[in-house]
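*Asks:* Sequence and computational prediction follow.
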Amino acid sequence: MNRFKWVDDSTIRIINSEGIEKILAIRGEFLDEIEYNVIPLFDNKDMKNPLKHYFSNRESLSVS
């Protein structure tokens, strides 16, 4: 899964294909939502390539 990242030993960060990102804390059998964010102008093409990790292997932005 290229939309998942461990923040620390009890916190994860996920993003769905529509650009909605959540940071969740794992507390026993429950997930507590810490943060919710919607990424503007989210480009779904990065999510379709299974070899690209969204959080750590993104394409660089061009500055012109």
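*Replies:* That came through, no problem. Numbering: from 1, shown residues only.

*Asks:* CA atoms for contacts and neighbours, from now on please.
*Replies:* Will do.

*Asks:* what kind of secondary structure is residue 25 in?
*Replies:* strand (DSSP: H, G, I helix; E, B strand; the rest coil).

*Asks:* contacting residues around the spatially closest residue to it that is not a sequence neighbour?
*Replies:* Once flanking residues are discounted, residue 25 sits nearest to residue 11: 4.4 Å by CA to CA, 6 or more residues apart in numbering. By CA atoms under 8 Å, 6 or more residues apart in numbering, the contact list for residue 11 reads 23, 24, 25, 26.

*Asks:* So what sits opposite residue 11 in the bridge?
*Replies:* Residues in a beta bridge with residue 11, per DSSP bridges, are residue 8, residue 25.

*Asks:* what's the spacing between it and residue 63?
*Replies:* Relative to residue 63, residue 11 is positioned 33 Å away (criterion: CA to CA, to the nearest Å).

*Asks:* same question, residue 14
*Replies:* Distance, residue 14 to residue 63, using CA to CA: 28 Å.

*Asks:* Comparing these two, which residue is more hemmed in?
*Replies:* Set residue 14 next to residue 63 and count neighbours by other CA atoms under 10 Å: residue 14 wins out with 18 against 4.

*Asks:* Nearest spatial neighbour of that one, chain-adjacent residues omitted?
*Replies:* residue 4 (4.7 Å).

*Asks:* Do I have it right that residue 27 meets residue 33?
*Replies:* No - counting by CA atoms under 8 Å, residue 27 stays clear of residue 33, with 10.6 Å between them.

*Asks:* I figured residue 20 hits residue 37, correct?
*Replies:* Yes - Residue 20 lies in contact with residue 37 (CA under 8 Å); the separation is 5.9 Å.
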